[in-house]
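Undergrad: Here is a sequence together with a model predicted from it:
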Amino acid sequence: MLFNSIEFLVFLPIAFAFYWLLKDRLKLQNAFVVISSYFFYGWWDWRFLILIAFTSACSYASGLLIEKVRTKENHNENEDIYCKRWTRRITAINIVINLLILGVFKYYNFFVESIVALFPTLNADRLLINIILPVGISFYTFQALSYSIDVYRRKIEPNNDIIAFFAFVSFFPQLVAGPIERATNLLPQFQQKRTFDYATAVDGCRQMLWGFFKKMVVADNCAVFVDQVWSDIPSFNGSTLLVAAILFSFQIYCDFSGYSDIAIGCAKLFGIKLKRNFNVPYFSRDIAEFWRRWHISLTTWFRDYIYIPLGGSRVSKAKIIRNTFIIFLVSGFWHGANWTFIVWGAFHAILFLPLILRGKNRKYTDIVAMNRKMPTFKELLQMSFTFLLAALGWIIFRSDNISQTILIFSSIFSSSLFQVPLLSKSFIFIIVMLVVEWINRDKDHPFQITIKSKLLRYVIYYAIMLTIVLFSGNQETFIYFQF
Amino acid sequence: MKRFIIHSSFFFIVSFVLALIPDIIITNKIKHFAYNDYSVWDKILSGKMDNDLLIIGSSRAFHHYNPIILDSILNTNCYNLGRDGKNLDISIFIYNLYIKHNPKPKTILCDIFYGSMNKSNLYAREQFYPYLFNKEIYNNIKENQQLSMIDKYVPLIKYRGILKDVIKHSLIKDTTYKGYYGCDISYNKNNEDIPNTIPYAHDPTVFKMIEKWLQQCQEDSVNVIFIHSPIYIEATNKIEDTAAMWTMYRNIANKYKIPILDYTRDSICFDTNYFYGALHLNRKGSELFTQRLAYELESLGYK
């Protein structure tokens, strides 16, 4: 079910009403979360519910098994080693099972195609499988894995409430495109009674409205121009291709952060607080800051479960380089089974390396132009340059294959860059979006309005709703659903 | 909770009403747009039309067949049902709606060209908006015109992305006569964007629809004539595989014993004075073409 569909418009109030009717019966309320979330997901394809249930069951069982091993009294060192060995084995088995499912559904054909490209004598048709990529598989798999690893690391106690655990993995607002939640944040919320808070719910509605604006107005209008250019690249000059890259940068941001805003806002209606996923990334002053503000839930997942276990930045320079490349390549590969995503990851690793090697990757941890209305000229230049780098990266990300990327780059870095480009009306919406996000850049979300006048607030809400109704584009799916 | 439900319900009711009022006003206005004779839908549904000769087809039919000339030469009562941006799938639908509410015509002039058997595009789909709650119209066009429940039940949302077109169409003055609109524009290459090659293709579902319709016309004793009205010669030369196109039309014409009148090599096709774009005649061209057609029809005995 898509957030921007009439089905969701019907589903949400019904789910909301039943959920709060069950507020005094925690188990039933959680069971309702599971049922409604499975219904939400099953609306797309009910067959893949088995996968979510299986993933949830595996991680839940791993937690129970680890608890069982640990509760055995360990009297001596040998038993302690035995305990550690078995908890590691259980966690590893769970990781392997989950990654195997992910690998089969998401990467199997990619590996086959790549191997066949190396060994043309192999018959690709016999090896390839006709398989549908289950929506959101990377998101819920990573969420379930985080629980298992956190239990192993003793960051969280194993959970004995299967319904709460299934609700944690399948909670519908963030099921198909995140934010990827940690068990440490979300699971305890399902284990305690939720109370309805008027201010939080209103704020959730506001955040949802902003998410819909970003998705349906900005992203979907940018998509029209971007798709047109990408469908016939040789017909456009370098300057128009650069404009398309800039528009795609805003398309992907507004598509994905719009989804996150809707998800987080929607969760607030149910008394659940999800993690922030985007924090005005295009106001970053360098690429390291960009990565602290872009898809935060995934970036921190890789940081905590891959980068830090590898030694992070507290190792030799050679290992820092290795770790940085690993983290960015894996991040790229997470997005999809295509060499373009891997190259995109490598591109960002190359941009990130000079900062980390010089120890300047944490130079900008505050909000840009804090306590000031406008940025300084230097800050403006830094933000523009970082955005431009990110936009060039998005060209790789958006391309169907590497040769298409090369074609676009060769056209952009040619004399045709100085020709008059085609423009899009989407820039008007982008400017509105950027102004609002700039004003509220220090808030919890970009549409946390603090205007005192009720009338003015409502005028703004209605203006945004009217803009959504009249100027939304036609594209309906969210880009990140494919990941 | 109670406060939230009251406030949010109030907010949504006010939003709905605020959107519904302009929606009703705009949608009702559309019914009377002069552009492409949008009022024809009401005329058909009213059951007060009674025409011996009907013209169906796309914008080429709408701009090319002048009923004044046909009426005067053939001494008949003709109506032009040509629809801008629509192909024979919608033409057949409009014809079926016509005969459901009005007496059957004697003859149908069916304008054909390389794109007739493709699915209609979404251009000018606002003409259907006043009839989204009319089952016989909505159920037949919803798929073809990609209309959803959202368009039907959420006020104003159906106008997303087409407001500019709707405003443009609302400004066109009423110069249509019995469904015909003569364009008083001189030829300019830029008036119509013609690609270097024009692909010929036909959609199998539209093809089946036409066959079914021709069978029905035979059973109803309604004469159908396929007419390929003039197209500027430069555009004709760009059509890929014209032979295949003609084979397809001739096969279907032979099967249902339908005459085909081909004006693609008429002298009109070689003179830009008769066109406003490569695919459409201007008023001067359409009047000359309709006159020639009327005499040809007269000679063939369609009087």
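TA: Good, I have the coordinates.

Undergrad: Closest to the centroid, which residue in chain B?
TA: Geometric centre of chain B, nearest residue: B:Arg83, 1.5 Å, by C-alpha atoms, centre = their mean.

Undergrad: Now do the contacts for the residue nearest to A:Thr376 when sequence neighbours are not counted.
TA: Nearest residue to A:Thr376 in three dimensions, chain neighbours excluded: A:Ala369, at 7.3 Å (C-beta to C-beta, 6 or more residues apart in numbering or on different chains). Where you see a C-beta, it was placed from the backbone N, CA and C, and this is true even at glycine. Counting by C-beta atoms under 8 Å, 6 or more residues apart in numbering or on different chains, A:Ala369 touches A:375-376, A:379.

Undergrad: Nearest to chain B among the residues you listed?
TA: A:Pro375 (34.3 Å; C-beta to the nearest C-beta).

Undergrad: Pull out the buried residues from the contacts of A:Ala369.
TA: Among these, those buried by neighbour count (16 or more other C-beta atoms under 10 Å in any protein chain shown) are A:375, A:379.

Undergrad: which one of the contacts of A:Ala369 sits closest to B:Val224?
TA: B:Val224 has its nearest neighbour among the contacts of A:Ala369 in A:Pro375, at 69.8 Å by C-beta to C-beta.

Undergrad: so that closest one sits right up against A:Leu381, yeah?
TA: No - under the criterion of C-beta atoms under 8 Å, A:Pro375 is not in contact with A:Leu381, lying 9.2 Å apart.

Undergrad: Overlap of the contact sets of these two?
TA: Going by C-beta under 8 Å, 6+ apart, no residue sits against A:Pro375 while also sitting against A:Leu381.

Undergrad: hmm, which helix or strand of the chain has the shakiest average pLDDT?
TA: Reading this off chain A. helix A:124-127 (a mean of 74; mean pLDDT, DSSP states H and E).

Undergrad: actually chain B
TA: helix B:163-170 (a mean of 82).

Undergrad: Tell me the buried residues in the following helix or strand past that helix?
TA: Going down the chain from helix B:163-170, the next helix or strand is helix B:204-219, by DSSP states H and E. Neighbour counts using 16+ other C-beta under 10 Å place B:206, B:209-210, B:213-214, B:217 of helix B:204-219 among the buried residues.

Undergrad: What of stretch B:164-173?
TA: Quick answer for stretch B:164-173 (16+ other C-beta under 10 Å): B:166, B:169-170.

Undergrad: try stretch B:285-292
TA: B:285-290, B:292.

Undergrad: B:Leu74: which of the residues you listed is nearest?
TA: B:Thr290 (10.4 Å).

Undergrad: tell me the secondary structure for residue 133?
TA: You didn't say which chain, so I picked chain A. coil (DSSP: H, G, I helix; E, B strand; the rest coil).

Undergrad: And for it, the neighbour number?
TA: By other C-beta atoms under 10 Å in any protein chain shown, the residues close to A:Leu133 number 17.

Undergrad: Look at B:Ile44 and tell me its secondary structure.
TA: B:Ile44 ends up helix, using three-state DSSP.

Undergrad: Show the contacting residues for it.
TA: B:94, B:97-98, B:101-102 are the contacts of B:Ile44 under C-beta under 8 Å, 6+ apart.

Undergrad: State the pLDDT value of residue 209.
TA: I'll assume chain A. A:Leu209 is assigned a pLDDT of 95 by the prediction.

Undergrad: You answered for a different chain; I wanted chain B.
TA: Taking B:Met209 on its own, its pLDDT is 91.

Undergrad: any idea whether A:Ala337 is helix, strand or coil?
TA: coil.

Undergrad: So for it, what's the nearest residue that isn't a sequence neighbour?
TA: A:Ala337's closest residue in space is A:Phe110 (C-beta to C-beta, 6+ apart), at 3.2 Å.

Undergrad: Can you list the buried residues in the longest helix along chain B?
TA: In chain B, taking DSSP state H as the definition, the longest helix is helix B:2-30. Neighbour counts over helix B:2-30 (16+ other C-beta under 10 Å) mark B:4, B:8, B:11, B:15, B:19, B:23, B:26-27, B:30 as buried.

Undergrad: now swap in stretch A:83-93 and tell me
TA: Here stretch A:83-93 shows A:83, A:86-87, A:90-91 as buried, counting by 16+ other C-beta under 10 Å.

Undergrad: May I have that stretch exported as PDB, CA atoms only?
TA: The C-alpha coordinates for stretch A:83-93 follow below in PDB (Å, rounded to 0.1, in the frame of the first residue of the first chain):
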ATOM      1  CA  CYS A  83      28.700 -19.900  26.200                       C
ATOM      2  CA  LYS A  84      30.500 -17.200  24.100                       C
ATOM      3  CA  ARG A  85      31.100 -19.700  21.300                       C
ATOM      4  CA  TRP A  86      27.400 -20.700  21.200                       C
ATOM      5  CA  THR A  87      26.000 -17.200  21.300                       C
ATOM      6  CA  ARG A  88      28.400 -16.300  18.500                       C
ATOM      7  CA  ARG A  89      27.300 -19.300  16.500                       C
ATOM      8  CA  ILE A  90      23.600 -18.600  17.000                       C
ATOM      9  CA  THR A  91      24.100 -15.000  15.900                       C
ATOM     10  CA  ALA A  92      26.100 -16.000  12.900                       C
ATOM     11  CA  ILE A  93      23.600 -18.500  11.800                       C
END
